[in-house]
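> I'd like to go over a predicted model; first the sequence, then the structure.
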Amino acid sequence: MPASVTPQEIEHAIRNVPDFPKPGIQFKDITPVLADARLFAGTIELLTKNFAPGSIDAVVGIDARGFIFAAAAATRLHAGFVPVRKKGKLPYQTIEEDYALEYGHATVAIHTDALKPGDRVLLVDDLLATGGTAAAATSLVKKLGAEIVEINFLIELKFLNGRDKLKGYSIRSLVTY
């Protein structure tokens, strides 16, 4: 069991990178959290703290950094890991969901057999910004008949109001800006 980690320790380790990927953006770099074994293990502990092993059927992770946290959470919870990927990246039959971006549209997909009706799902991603990607992922999970028990994020940018697109879901964020 890792030594306890606080959200403040995680926040302290997150590196701000100004003007990436374009001028005016303050990028939240999580690689220092991943590189520190204690912080990474503690982050997974915090993301899964509301659930006992076996209480969740699948942890759904969103492309791409969400995969890191969701896969580790799935292992900790003795659950399957299900990726939600960008369109065209999954090799089997998929269903898709379009969502709006500030500069256009994007599409995410999930395998048609990834979840069964009634599966209890924990949805995990690294960042909640405008909420479009997470809302699209929740739609895919619902289309497959599974139940989202909670949605967890490492970071939430509250000023972008992403929660507004996820009304009706239990949401937890470890670090908020």
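Arrived safely. Numbering: from 1, shown residues only.
> pull the number of nearby residues for residue 21.
Using other CB atoms under 10 Å, residue 21 has 7 neighbouring residues. In short, each C-beta sits where N, CA and C put it, glycine included.
> can you name the helix or strand that it falls in?
Using DSSP states H and E, residue 21 sits in no helix or strand.
> so it makes contact with residue 103?
No - counting by CB atoms under 8 Å, residue 21 stays clear of residue 103, with 11.9 Å between them.
> which residue of the protein lies farthest from its centroid?
For the chain, the residue at maximal distance from the C-alpha centroid (CA atoms, centre = their mean) is residue 23, at 25.5 Å.
> okay, and the beta partners of the residue nearest the centre of the chain?
Per CA atoms, centre = their mean, the C-alpha nearest to the average position across the chain is that of residue 125, at 1.3 Å. Taking DSSP bridges as the rule, residue 125 bridges to residue 153.
> what of residue 101?
Per DSSP bridges, the residues bridged to residue 101 are residue 104.
> correct me if wrong: residue 133 contacts residue 99.
Yes - taking CB under 8 Å as the definition, residue 133 is a contact partner of residue 99 at 6.4 Å.
> picking up where we left off before, distance of the residue nearest to the centre of the chain relative to residue 30?
In this view, residue 125 and residue 30 are 11 Å apart by CB to CB, to the nearest Å.
> now the common contact residues for these two.
Taking CB atoms under 8 Å, 6 or more residues apart in numbering as the contact rule, residue 125 and residue 30 both touch 65, 154.
> give the buried residues for stretch 17-28.
Within stretch 17-28, the residues that count as buried by 16 or more other CB atoms under 10 Å are residue 28.
> overlap of the contact sets of residue 133 and residue 99?
106, 108.
> who has more neighbours, the two?
Neighbour tally, residue 133 and residue 99, criterion other CB under 10 Å: the higher count belongs to residue 133, 24 against 18.
> so where's this protein uncertain?
1-3, 102 (pLDDT under 70).
> and the helices in it?
Under the criterion DSSP state H, the chain contains helices at 7-13, 31-35, 37-47, 65-77, 132-143.
> CSV for those helices, including distance to residue 164?
Below are these laid out as CSV (distance: least, CB to CB, whole Å):
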stretch, distance to residue 164
helix 7-13, 23
helix 31-35, 27
helix 37-47, 22
helix 65-77, 20
helix 132-143, 9
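> residue 83: neighbour count?
Neighbours of residue 83 (other CB under 10 Å): 20.
> hmm, it is touching residue 63, no?
Yes - Residue 83 sits in contact with residue 63 when judged by CB under 8 Å, with a separation of 6.7 Å.
> how far away is residue 119 from residue 74?
For residue 119 relative to residue 74 (CB to CB), the value is 13 Å.
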